[in-house]
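>>> The amino acid sequence is not available; the structure is as follows:
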Ligand SMILES: Cc1cc2nc3c(=O)[nH]c(=O)nc-3n(C[C@H](O)[C@H](O)[C@H](O)COP(=O)(O)OP(=O)(O)OC[C@H]3O[C@@H](n4cnc5c(N)ncnc54)[C@H](O)[C@@H]3O)c2cc1C
């Protein structure tokens, strides 16, 4: 007798393959498969399986471990509808969690591109639609379907929007436990669906929610996650996802591949990808899924939901941005940029140089550690164009850069570059815009 693989649970993570000292396991079509000639029923693989898909054909009788006494799911004794798994995060021995209610996987292979739609309190994060646009390109390059996942409470409003932005199928989990965002319930919802339907790629916005829940989902699925990607693509030969992001402090752009684990997971910051065309009236298949958890399954409680004043969100929605760098030399010179911004109805922002100098607050920072912006017009004044700044603004529709150094990198991404002294150029531009806007208004 050999180790038994339950294919309805196996996620093809390969942990068992690496663990077996007899090389008795391999992945075949995305599932663990046991070579009966080699397997000696040692059981090493059983212990490392994150989803309890393996069992010994002849299990040795072992004393039952006492469940830990902590509150929440950890204190819940295993029942017929719970299973015991290792709590990797706590590293504290076995704890009981509710079993996946997943029925057998819909397909044998990992297939399809998924986008997790962030929908909370009646509002969808627009990055979800940006990612559906990007997901469309990936799905076309791979030759697979594009699906959206909408998890939350009273989410039906988001379903037609997901179709309008390009999803062919929408998976829905609608449950009161998902009313307010919490890591555990959302992780269970997304990971449970992924185990059941086996998507090849899952994308989510690098928002507060995405940055919190996606690592937890990746850990549960025993796969890799690339955060804050700025470019996504598909290797034409292998169809593997190419995930490009700044690395080593932003000094290089690294393209990261997840060759051996599935799904491939990536987050992308808002405004990095273009918003796709919205086609109202487009429809597709809606798959509604159960969420078989109770409040007692989770360790956190939401006491009160206080909406943010969205101070930091304004920058990524600005249509015209006037952005300043160390070139303005002193805080008092901000007035030059502010006057230009006032004439154009623009939002004032800055580089890290300007923010670190104390000239602007952090919520006005553009770049890798600040906000990614995609305005119609971005005017960079006295900004050199370090890579960490460029990744936050280079997808703007039209870039105007003013710099006295003709070699400044910002000029390479600018549609319109003015080489010269900003103290002369910016006031001249302001006066000219003022004159033209006034005469336009009078005519
Ligand atoms: C991990 C990490 C994350 C980072 N994240 C960010 C980020 O999110 N955003 C960000 O912006 N930076 C970020 N940085 C910092 C980044 O590397 C640069 O140091 C910073 O962007 C430089 O700011 P600056 O362009 O204002 O200043 P400088 O690089 O000093 O550029 C000033 C420019 O002004 C020009 N200039 C000077 N005088 C005049 C004049 N009179 N007229 C016209 N032009 C003039 C100069 O030629 C020069 O090009 C990060 C760095 C690291 C290591």
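Arrived safely, thanks for sending. It should be emphasised that the depicted structure is a prediction, and the values quoted were computed from it without experimental measurement.
>>> drop to CA atoms for contacts and neighbour counts, all remaining ones
Noted.
>>> Any chance of the backbone angles for the nearest residue to residue 395 once chain neighbours are set aside?
Spatial nearest neighbour of residue 395, excluding adjacent residues (Cα to Cα, 6 or more residues apart in numbering): residue 374 at 5.8 Å. When read as degrees, to the nearest 10, the backbone of residue 374 gives phi -150, psi 60.
>>> I figured residue 374 was touching residue 391, is that so?
No - at 10.7 Å, residue 374 does not count as touching residue 391 under the criterion of Cα atoms under 8 Å.
>>> Among the two, which residue is more densely surrounded?
residue 374 (26 against 23; other Cα atoms under 10 Å).
>>> Hmm, residue 410 is touching residue 384, no?
Yes - counting by Cα under 8 Å, residue 384 is a contact partner of residue 410 at 5.7 Å.
>>> Near the ligand, which residues of the stretch 251-400 of the chain are found?
Proximity of the stretch 251-400 of the chain to the ligand, by Cα under 6 Å from any ligand atom, involves residues 325-327, 351-354, 366-370, 382-386, 388-389.
>>> Which of these are buried, as a ChimeraX select command?
In ChimeraX, this line selects whichever of those come out buried by 16 or more other Cα atoms under 10 Å:
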select :325,326,327,351,352,353,354,366,367,368,370,382,383,384,385,386,388,389
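>>> Could you list which of the residues of the stretch 251-400 of the chain next to the ligand belong to helices?
352, 353, 354, 388, 389 (DSSP state H).
>>> for the spatially most central residue of the chain, what are its contacts?
By Cα atoms, centre = their mean, the chain has its centre lying nearest to residue 267, at 2.5 Å. Going by Cα atoms under 8 Å, 6 or more residues apart in numbering, residue 267 touches 203, 204, 205, 206, 210, 211, 214, 225, 226, 227, 228, 229.
>>> Determine the three-state secondary structure at it.
strand (DSSP: H, G, I helix; E, B strand; the rest coil).
>>> Domain ranges for the chain, per the record?
Residue ranges for each domain of the chain read 1-61, 113-297, 312-442, as given by automatic domain parsing.
>>> pretty sure residue 133 is in a helix, no?
Yes - according to three-state DSSP, residue 133 belongs to a helix.
>>> Is it correct that it is in contact with residue 272?
No - here residue 133 does not reach residue 272: they are 11.5 Å apart, not a contact under Cα under 8 Å.
>>> What ranges does the stretch 301-443 of the chain have for its strands?
320-324, 347-350, 377-381, 398-403, 416-419 (DSSP state E, counting those that start in this stretch).
>>> Return the list of helices and strands in contact with the fourth one.
Right, the one you point to is strand 398-403. Helices and strands touching strand 398-403, by 3 or more Cα pairs under 8 Å, 6 or more residues apart in numbering; DSSP states H and E, are strand 377-381, helix 410-413, strand 416-419, helix 422-442.
>>> any idea how far it is from the chain center?
30 Å (Cα atoms, centre = their mean, to the nearest Å).
>>> Now tabulate the strands of the stretch 301-443 of the chain in CSV and tack on mean pLDDT and mean neighbour count.
Below are those laid out as CSV (pLDDT from 0 to 100; neighbours: other Cα atoms under 10 Å):
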stretch, mean pLDDT, mean neighbour count
strand 320-324, 97, 26
strand 347-350, 95, 25
strand 377-381, 97, 25
strand 398-403, 97, 22
strand 416-419, 97, 16
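>>> Turn those strands into a markdown table, columns for distance to residue 111.
Listed next are the strands of the stretch 301-443 of the chain as a markdown table, based on distance: least, Cα to Cα, whole Å:
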| stretch | distance to residue 111 |
| --- | --- |
| strand 320-324 | 40 |
| strand 347-350 | 42 |
| strand 377-381 | 39 |
| strand 398-403 | 37 |
| strand 416-419 | 43 |
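>>> Please identify which residue in the stretch 101-250 of the chain comes closest to the ligand.
residue 249 (3.9 Å; Cα to the nearest ligand atom).
>>> would you say that residue is within a strand?
No - Residue 249 is assigned coil when assessed by three-state DSSP, not a strand.
>>> residues in contact with it?
Contacts of residue 249 by Cα under 8 Å, 6+ apart are residue 388.
>>> and what of residue 173?
So residue 173 contacts 150, 151, 152, 153, 189, 288, 289, 290, 291 (Cα under 8 Å, 6+ apart).
>>> what pLDDT does the third one get?
Which is residue 152. pLDDT, residue 152: 96.
>>> For it, list each beta-bridge partner.
residue 174 (DSSP bridges).
>>> and it, how many neighbours does it have?
Considering only other Cα under 10 Å, residue 152 is surrounded by 26 other residues.
>>> Correct me if wrong: it contacts residue 120.
Yes - counting by Cα under 8 Å, residue 152 touches residue 120, with 6.7 Å between them.
>>> who touches both of those two?
Common neighbours of residue 152 and residue 120 (Cα under 8 Å, 6+ apart) are 179, 180.
>>> ok, stretch 426-442 near the ligand or not?
No - under the criterion of Cα under 6 Å from any ligand atom, stretch 426-442 makes no contact with the ligand; the nearest approach is 9.3 Å.
>>> what's that stretch in contact with?
Contact with stretch 426-442 is made by 336, 337, 339, 340, 343, 344, as judged by Cα under 8 Å, 6+ apart.
>>> buried stuff in that stretch?
In stretch 426-442, residues buried by neighbour count (16+ other Cα under 10 Å) are 426, 430, 434.
>>> same question for it, mean pLDDT?
So the average pLDDT for stretch 426-442 ends up being 87.
>>> Could you pull out the helices in this structure for me?
Ranges of helices within the chain are 15-19, 44-48, 126-142, 158-164, 183-197, 208-221, 334-344, 352-356, 387-390, 410-413, 422-442, based on DSSP H.
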